[in-house]
Structures are given as structure tokens and as C-alpha cells.
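Q: Sequence and computational prediction follow.
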Amino acid sequence: MDHDHTLSRRRFAGAALTAAGLIATGGIARAAVPAETAGGPLGPFYPVLRPGDDDFDMTMIKGNSGRALGRVIEVTGRVLDRKGNPVGGAELELWQCNAAGRYAHPGDIATAPLDPNFQGFATLMTGPSGEWRIITIKPSGYDSPIGHRTPHIHFDIKGRHQRLITQMYFSEDHATNSADQLYNQLGEDAVTAMAALQATDRYRWDIVLGEG
């Protein structure tokens, strides 16, 4: 068989496949559609009594001179719609236990001490590009009626047309994540609820809503 003829046939076949792909996408290269963030339960410790200070820095409370105990971390991200567009003006509420594994909630019967310098709750609004940022402490895991809970932060996100309640987990906590019942219920979608460690004490987590 003629070698040049064989190559020509291969080039033609490759060109045909490329053309078919361009037709299927309208002739425009498109970025992959982001996966929607998996939802989760509200949990029993949604704050009943809001702290007087609920800004983005949960490690300090206005009027107090001390700082919360534990490892201070920063988490940044964006809120996006299912097409990958930013959702500016989205409202975020988030809450978590302290470094000892206790929530500032009357229903938490844990014997671990409360931290008078830990805010434990924050309300945020995303910027024009959907960006948000918090400074907090890495939450502890704790025992619960459904088993041991791995470190996590609760989120309640209100976009333009959709509300998402979810929990954010940490990528380095492999052993405790895999032993957490609620985490395991997410299955393959668990990756969408995972904050990635970007640098020392800095995490990134983008939230994708099913709107847009």
C-alpha cells in the first residue's frame, strides 16, 4: 500500500472527526461545564443566637483583645452558576465548631470548652466576580450520634434563583473523611465539596449553583 496514500486517508479521517466535534459544539471550543456542588444537611447546630460580630474574620471578636485558639486558615473561592459564570451578590452564611470540637449552640452537649474569642459564624456577600473570603480556624472533628464527624464547615448559599445548603470538607483529611457517614453519602460528588490546600494554611473552594 502506498505510504503517502495511507497518511492522506488518516489525515482525512482525523479532519472529519475534528469537523464533527466542531459541529457538535457549534464550531467554538468550550470549557468544561463545572459540576454542581453537592448539597448537605443543615445540621443541628445552625446558630439560634447570632453573635454581635459576624464578619469574614471568625478568629477575632470586636471588643475582645484575644484571638481564637487553633490553627488559623484562610479560605477563598467564588460562587458560580452551572455555566461557569460568576454569581455576584450571593449571600453566604457559614458556621462551624471551634478548635476543640464544640459549637456555640445550646443544643451541643459536648464537654469541650467554648472559646470566648471564636466567632463561629459569618455572613458574607460575593463580589462582582463571585469572589468570597474568610479567615477562621481549622475546625476539629468530633463525635456525634451518627458517628465521628470529620472537620467541616457548614454553608448556606443564596444565589439569584437558588439556595444551596452544604458542608465544606478538607482535602488532606483522607482518613477521617472516609470514616464520616455524611461525607460517604456524597459518593462521587464528594469532590465538589472539597476545599483544596493551595499553600500553607490557605484553601480554595469554588461553589457551583444549579442556576444560570
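A: Done, it's in. Numbering: from 1, shown residues only.
Q: can I see the domain layout of this protein?
A: The chain breaks down by automatic domain parsing into domains covering 1-30, 35-208.
Q: okay, those, which one's buried deepest?
A: Mean neighbour count (mean count of other CB atoms under 10 Å) peaks for domain 35-208 among these, with a mean of 17. To be clear about C-beta, it is placed using only N, CA and C from the backbone, and glycine gets the same treatment.
Q: Please, where are all the helices along this protein?
A: Taking DSSP state H as the test, the helices found in the chain are 3-24, 174-178, 181-185.
Q: what packs against the second one?
A: In this case it means helix 174-178. Helices and strands touching helix 174-178, by 3 or more CB pairs under 8 Å, 6 or more residues apart in numbering; DSSP states H and E: there are none.
Q: Which parts of the chain are strands?
A: Here the chain has its strands, by DSSP state E, at 72-80, 91-95, 121-125, 131-137, 142-144, 147-149, 152-158, 163-170, 194-199, 202-204, 207-208.
Q: a markdown table please, covering those and showing distance to Glu188 and mean pLDDT.
A: Putting these into a markdown table (distance: least, CB to CB, whole Å; pLDDT from 0 to 100) gives the following:
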| stretch | distance to Glu188 | mean pLDDT |
| --- | --- | --- |
| strand 72-80 | 20 | 98 |
| strand 91-95 | 24 | 98 |
| strand 121-125 | 28 | 97 |
| strand 131-137 | 26 | 98 |
| strand 142-144 | 24 | 96 |
| strand 147-149 | 21 | 96 |
| strand 152-158 | 18 | 98 |
| strand 163-170 | 14 | 98 |
| strand 194-199 | 12 | 97 |
| strand 202-204 | 20 | 98 |
| strand 207-208 | 15 | 98 |
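Q: Redo those strands as CSV? Include distance to Lys62.
A: Listed next are the strands of the chain as CSV, based on distance: least, CB to CB, whole Å:
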stretch, distance to Lys62
strand 72-80, 17
strand 91-95, 18
strand 121-125, 13
strand 131-137, 14
strand 142-144, 27
strand 147-149, 29
strand 152-158, 21
strand 163-170, 25
strand 194-199, 26
strand 202-204, 24
strand 207-208, 27
